[in-house]
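Participant: Can you look at this prediction? I've put the sequence above it.
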Amino acid sequence: MEKMYHIGLDDSHGARYAILPGDPGRVEKIAGYLDNPRLLGQNREYTTWIGELSGEKVLVMSTGMGGPSTAIGVEELYQTGVDTMIRVGTCGGMAEEVMGGDLVIANGAIRMEGTSKEYVDLAFPAVADFDVTAALRQSAKELGARFHLGIVQCKDSFYGQHSPERMPCGKKLEEKWEMWIKAGCLASEMESAALYIVAQVLGVRAGCILNTVWNQERKKKGLSDPHCHDTTLAIRAAVHAVELLIQEGSSS
Ligand SMILES: O=P(O)(O)O[C@H]1O[C@H](CO)[C@@H](O)[C@H]1O
Ligand SMILES: O=c1cc[nH]c(=O)[nH]1
């Protein structure tokens, strides 16, 4: 096959599993947890490394920030033979109990972004694959991590999250933000809704684990708000979840 237009890969890699950070700068670090890691390709925001876990090929590819580049990356990875994808990213806590450094496993995503609307109407939920989510939960437990499992909010504007008062539509953003919190939303990020909807439409498995960087709600209430930019724990949890899924696949 010809190399895919954006990610620059063809199907010769032979991997079914992909770990997907947003940040290209996180790819090599994640690949360091695989056996025999090597750079496979680099185009636009898509940096890809390949390695192995339990003898099975695994890709690590950055998606860039937001739904559009994530959807393109997922579409093209699927064309090259990938059928199981785990996003490992960062988020901002929304629920009071979600602290900087905690892991958040997203079993579903609020579709307050634009990309997934060009696949299916908003009434359709953005839901993670059950087996991938279960593997992420087991992995987080085995690592002894503090983690939360639940709904995240996906939006297109990082600064609409952090400075809604600056935006002409700020009142609406604030009203919705309050609504998501009252409904039990854990955290905010930018890619999982597009990942889940595109995965659903293509018929592939997807899940997501996030490092909480901070929690602006805790800060607002005068509570402690430790910041954590270290994604190591989320990465280790994602890599081990892939191992668990590979083991599960070979025993079923
Ligand atoms: O750290 P990543 O995976 O990029 O994820 C989060 O960080 C970016 C914003 O800072 C957005 O992409 C958001 O979803
Ligand atoms: O607050 C945050 C942190 C990471 N990513 C986001 O989208 N928001």
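Facilitator: Yep, that arrived. Numbering: from 1, shown residues only. Ligands and ions are numbered 1, 2, ... in the order given.

Participant: what's the closest non-adjacent residue to Asp35?
Facilitator: Glu52 (4.4 Å; CB to CB, 6 or more residues apart in numbering). No exception for glycine: its C-beta is placed from N, CA and C like everyone else's.

Participant: Now do the one you found: how many residues are near it, please.
Facilitator: 14 (other CB atoms under 10 Å).

Participant: you'd agree it is up against Asn36?
Facilitator: Yes: counting by CB atoms under 8 Å, Glu52 touches Asn36, with 5.7 Å between them.

Participant: How far off centre is stretch 54-70?
Facilitator: 9 Å (CA atoms, centre = their mean, to the nearest Å).

Participant: can you count the residues close to Lys3?
Facilitator: Going by other CB under 10 Å, the residues that sit close to Lys3 add up to 15.

Participant: Pull out the buried positions in stretch 32-45.
Facilitator: For stretch 32-45, the neighbour count (16 or more other CB atoms under 10 Å) marks Tyr33, Leu34, Pro37, Leu40, Gly41, Glu45 as buried.

Participant: Stretch 121-140 too?
Facilitator: Neighbour-count burial for stretch 121-140 [16+ other CB under 10 Å]: 126-129, 131-137, 139-140.

Participant: rewinding a little: you'd agree the residue nearest to Asp35 is in a helix?
Facilitator: No: assessed with DSSP: H, G, I helix; E, B strand; the rest coil, Glu52 is strand; it does not lie in a helix.

Participant: Now for it: which residues touch it?
Facilitator: Leu34, Asp35, Asn36, Val58 (CB atoms under 8 Å, 6 or more residues apart in numbering).

Participant: Would you agree the second one is in contact with Leu53?
Facilitator: Translated: Asp35. Yes: using CB under 8 Å, Asp35 makes contact with Leu53 at a distance of 6.9 Å.

Participant: If I look at the residue of the chain found nearest ligand 1, what pLDDT would I see?
Facilitator: Of all residues in the chain, Gly22 sits closest to ligand 1, at 2.3 Å by CB to the nearest ligand atom. With respect to pLDDT, Gly22 scores 98.

Participant: Gly249 now?
Facilitator: 87.

Participant: Where does it sit: helix, strand or coil?
Facilitator: Strictly by three-state DSSP, Gly249 counts as helix.

Participant: and it, how many neighbours?
Facilitator: 14.

Participant: For it, give its distance to ligand 2.
Facilitator: Distance, Gly249 to ligand 2, by CB to the nearest ligand atom, to the nearest Å: 31 Å.

Participant: Quick check: residues of the chain near ligand 1?
Facilitator: Pro21, Gly22, Asp23, Met65, Gly89, Thr90, Phe158, Glu189, Met190, Glu191 (CB under 6 Å from any ligand atom).

Participant: Buried subset of these, written for PyMOL?
Facilitator: Selection of buried members from the residues of the chain next to ligand 1 for PyMOL, criterion 16+ other CB under 10 Å:
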select buried, resi 21+22+23+65+89+90+189+190+191
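
Participant: which residues does whatever residue of the chain ends up closest to ligand 2 bridge with?
Facilitator: Shortest the chain-to-ligand 2 distance, computed as CB to the nearest ligand atom: residue-wise this is Gly92, at 2.2 Å. Assessed by DSSP bridges, Gly92 has beta-bridge partners Ser188, Trp214.

Participant: you'd agree it is up against Ala187?
Facilitator: Yes: the criterion here is CB under 8 Å, and Gly92 meets it with Ala187 at 6.2 Å.

Participant: Spit out the residues that contact these two alike.
Facilitator: Joint contacts of Gly92 and Ala187 (CB under 8 Å, 6+ apart) are Thr212.

Participant: What residues sit buried inside stretch 12-22?
Facilitator: Here stretch 12-22 shows His13, Ala15, Arg16, Tyr17, Ala18, Ile19, Leu20, Pro21, Gly22 as buried, counting by 16+ other CB under 10 Å.

Participant: and the residues you listed, which two are the farthest apart?
Facilitator: Arg16 and Gly22 (21.6 Å; CB to CB).
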